[in-house]
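Peer 1: The following comprises the amino acid sequence and a computationally predicted model.
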Amino acid sequence: MSEDLRLAILGAGGRMGRTLLHLAGETPGLRVAAALEREGSELAGTDAAGLGGPPGLRVETDAGAALERVDAVIDFTAPAASVAIAALAARRGLVHVIGTTGCTPGDDARIVEAAAGARIVKSGNMSLGVNLLAVLLEEAARALPAELFDIEILEMHHRHKVDAPSGTALLLGQAAAQGRGVDLDGTSVRVRDGHTGARPQGAIGFATLRGGSVVGEHAAILAGEGERIELTHRAEDRAIFARGALRAATWAASQPPGLYSMRDVLGLARPA
Ligand SMILES: NC(=O)C1=CN([C@@H]2O[C@H](COP(=O)(O)OP(=O)(O)OC[C@H]3O[C@@H](n4cnc5c(N)ncnc54)[C@H](OP(=O)(O)O)[C@@H]3O)[C@@H](O)[C@H]2O)C=CC1
Ligand SMILES: O=C(O)C1=N[C@H](C(=O)O)C[C@H](O)C1
């Protein structure tokens, strides 16, 4: 009989951290072995049961020490924390599932370096629904020429979200750019204000809404003359992201070191 995969949940006190602690405890084959928060957190030393974790497990702040006794880290925190943990995970060949969004190109370059030693799954959205939506959008963008259809990505999230556009919006933008065979950085219009002039042909536009308790809503709009296609996803519960992350940890445990996406995990990757 194989042993349970030992997990560390980083950012254990956060919205996603609490959801993960709860769901990991219900998932066969997984065991929460560490609940981590940042240095100075008022949660340090408290029982993880208060966050939905296993009773008797104390919230820790020394990630280096905790990572000595786990197989995988699940991380929905902040870019600086994810970059630092990726380097630690690389030294020990651990699985590192990164849900954190808002990483800069520099952060991403350091995560790519860490993937030489760690098995990293990183995605702006861990849900099955959004990753399928990205595949559909890629196909739609491939089929509908830029001269005839404009692509806009609209997102709305709760008032606490700190990064924009959302990781999911950027993931969808990448899928649209891939379908069109263009580079997203060269075609994206991430904000509009004032006298912007007419829409450049082929642009992939983004619009961001923030408010209330919205878990996450995304729409990819393909707008042509006289018709419009809208591909929409509405997250109703953070459990969809947590389940995806737990599935990614189990999947990555049997992969060689490298950087993987949720499309790899879910078997949705397009054959090369
Ligand atoms: N990919 C996906 O499917 C999803 C991604 N996300 C992303 O996950 C991230 C977190 O989201 P959410 O849970 O809503 O945010 P929260 O702010 O609720 O939680 C983040 C947690 O991480 C902690 N934290 C910050 N820095 C560190 C550190 N250095 N070490 C340990 N813990 C740390 C925070 O502590 P403190 O409060 O003390 O700073 C907090 O407890 C965001 O980037 C969000 O966009 C969210 C949902 C789904
Ligand atoms: O911060 C959030 O809450 C979410 N963040 C991710 C993103 O940036 O897309 C995923 C999800 O939409 C919730």
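Peer 2: It's in. Ligands and ions are numbered 1, 2, ... in the order given.
Peer 1: Please list the residues of the stretch 101-250 of the chain that sit near ligand 2.
Peer 2: T101, G124, N125, H157, K161, S166, G167, T168, G216, A235 (C-beta under 6 Å from any ligand atom). To be clear about C-beta, it is placed using only N, CA and C from the backbone, and glycine gets the same treatment.
Peer 1: rerun at 8 Å
Peer 2: For the stretch 101-250 of the chain, the residues in contact with ligand 2 (C-beta under 8 Å from any ligand atom) are 101-102, 124-127, 130, 155, 157-158, 160-163, 165-171, 215-216, 218, 235, 238, 241.
Peer 1: Out of the residues you listed, which end up buried?
Peer 2: With burial judged by 16 or more other C-beta atoms under 10 Å, the buried subset of those is 101-102, 124-127, 130, 155, 157, 161, 163, 165-171, 215-216, 218, 235, 238, 241.
Peer 1: got a list of what V73 touches?
Peer 2: Shown in contact with V73 (C-beta atoms under 8 Å, 6 or more residues apart in numbering): L7, A8, L10, L67, I85, A89, L94, V95, H96, V97.
Peer 1: Sorry, slip of the keys, the one I care about is I153.
Peer 2: Taking C-beta under 8 Å, 6+ apart as the test, what I153 contacts is 165, 169, 172-173, 176, 204-207, 218-221.
Peer 1: do L144 as well
Peer 2: Neighbour list for L144: L222, G224, I229 [criterion: C-beta under 8 Å, 6+ apart].
Peer 1: and the closest residue to the second one other than its chain neighbours, how many neighbours does it have?
Peer 2: It stands for G224. Leaving out its chain neighbours, the residue that sits closest to G224 by C-beta to C-beta, 6 or more residues apart in numbering is F149, at 4.6 Å. If you count neighbours by other C-beta atoms under 10 Å, F149 ends up with 19.
Peer 1: from now on call the first residue 30
Peer 2: In the new count, where the first residue is 30, that last one comes out as F178.
Peer 1: so F178 sits right up against L251, yeah?
Peer 2: Yes: F178 is within contact range of L251, at 4.6 Å (criterion: C-beta atoms under 8 Å).
Peer 1: hey, what's in contact with both of the two?
Peer 2: With C-beta under 8 Å, 6+ apart as the test, F178 and L251 both reach I258.
Peer 1: Confirm that G42 lies within a strand, as I assumed.
Peer 2: No: using DSSP: H, G, I helix; E, B strand; the rest coil, the assignment for G42 is coil, not a strand.
Peer 1: Provide a list of residues in contact with the residue of the stretch 30-179 of the chain found nearest ligand 2.
Peer 2: Residue nearest to ligand 2 within the stretch 30-179 of the chain: T130 (3.7 Å; C-beta to the nearest ligand atom). Counting by C-beta under 8 Å, 6+ apart, T130 touches G153, D192, S195, G196, T197, L199.
Peer 1: so who does the last one touch?
Peer 2: For L199, the residues meeting the contact criterion (C-beta under 8 Å, 6+ apart) are T130, G153, L213.
Peer 1: nearest spatial neighbour of the second one, skipping sequence neighbours?
Peer 2: Once its chain neighbours are removed from consideration, G153 has its nearest residue in G196; the separation is 2.5 Å (C-beta to C-beta, 6+ apart).
Peer 1: can you pull the pLDDT of that neighbour?
Peer 2: With respect to pLDDT, G196 scores 98.
Peer 1: ok, it - contacts?
Peer 2: Contacts for G196 (C-beta under 8 Å, 6+ apart) come out as T130, G131, S152, G153, N154.
Peer 1: same question, R120
Peer 2: G146 are the contacts of R120 under C-beta under 8 Å, 6+ apart.
Peer 1: Need the three-state assignment for it.
Peer 2: Classification of R120 using three-state DSSP returns helix.
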